[in-house]
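1. sequence below, structure please.
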Amino acid sequence: MEPPPARLVTCEHGGNAIPARYRHLFRDCDALLASHRGYDPGALGMANALTRALDATLVASTTSRLLVELNRSPGRQFRQSPVMRRAPASVRAQVTDECYVPYRREVETFVRDACANGQRVLHVSSHSFTPVLDTVERRGDVGLLYDPSRRRERELCIRWQRALRIALPALVVRRNYPYLGRSDGLTAWLRKRFAGDVYVGVELEVNQRHVTASGSFPKALEQAMAQALVTAIGACG
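-> The predicted structure follows:
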């Protein structure tokens, strides 16, 4: 009998914390850290809801993406940070060794160990996106990012989209929006290492306009997103 699939939820931009030894680099950067450039508001709460619903393993970071971008391939982890681009090379190397490498290793090890055990892996990476970028309004509430050439990812996202349209008919749910699932990211990186019959990776993007004053998404939205995913998984068998 085939073992049950291993389920993994990750959150690369769950907070905007800066470890004490690097805070001197971020003096007068409070507004930047609090913005969408510093972290993904609501993403960690959504990741927790998905983890509970799927009975999954959670790997999450609350370190700001302005210190290190965990969702980018090696060599690209500092490109979006004006602070770290100015930092000495020795500091960037230290941050890579202390923050970037351990996180990426933990995720990849989970997938590799599950595959070695004969399991398929379902991986959902939880993110959120700013409603307006460079004066352009994003016309969508939920984005499901995947590689269209991978049948299992495509089928799962089509069914997740259908389930969400039933559960949340007022929301606009789009596939491969506001980014393309093949773009540089953790799921794209893992696809290069694991075949489509053993690894299914989806990046979830939710519009930050739904974030409440508490800094999280409404519980009803989190629960509906998670339950729709459970429904989609069941429909995919």
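2. going by C-alpha atoms from here, please, whenever you check contacts or count neighbours.
-> Will do.
3. chain center to stretch 72-91: distance?
-> 20 Å (CA atoms, centre = their mean, to the nearest Å).
4. count the residues that sit near residue 89.
-> The tally of other residues near residue 89 (other CA atoms under 10 Å) stands at 11.
5. for it, give its distance to residue 74.
-> Distance of residue 89 to residue 74, computed by CA to CA, to the nearest Å: 15 Å.
6. residue ranges of the strands in this protein, please?
-> 6-11, 57-60, 121-129, 132-133, 136-137, 142-145, 173-175, 199-207 (DSSP state E).
7. quick check: which ranges of this structure have low pLDDT?
-> In the predicted model of the chain, residues 1 satisfy pLDDT under 70.
8. would you map the helices across this structure?
-> If DSSP state H is used as the criterion, the helices of the chain fall at 30-34, 43-54, 82-86, 89-95, 101-116, 151-167, 186-191, 219-236.
9. of those, which is nearest residue 127?
-> Nearest to residue 127, of all these, is helix 43-54, at 4.9 Å by CA to CA.
10. what does that closest one rub up against?
-> For helix 43-54, the surrounding residues in contact (CA atoms under 8 Å, 6 or more residues apart in numbering) are 7-11, 13-15, 56-58, 60, 125-128, 206, 216-217, 222-223, 225-227, 230.
11. can you do 6 Å?
-> Residues from elsewhere that reach helix 43-54 (CA atoms under 6 Å, 6 or more residues apart in numbering): 14, 126, 127, 128, 222, 226.
12. C-alpha coordinates for that helix, CSV please?
-> Extracted in CSV, the C-alpha atoms of helix 43-54 (Å, rounded to 0.1, in the frame of the first residue of the first chain):
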residue,chain,number,x,y,z
ALA,A,43,0.6,35.1,5.7
LEU,A,44,1.6,33.5,9.0
GLY,A,45,-1.9,33.3,10.4
MET,A,46,-3.1,31.7,7.1
ALA,A,47,-0.2,29.3,7.2
ASN,A,48,-1.2,28.2,10.7
ALA,A,49,-4.8,27.7,9.5
LEU,A,50,-3.7,25.6,6.6
THR,A,51,-1.4,23.6,8.8
ARG,A,52,-4.2,22.7,11.2
ALA,A,53,-6.6,21.8,8.4
LEU,A,54,-4.1,19.6,6.6
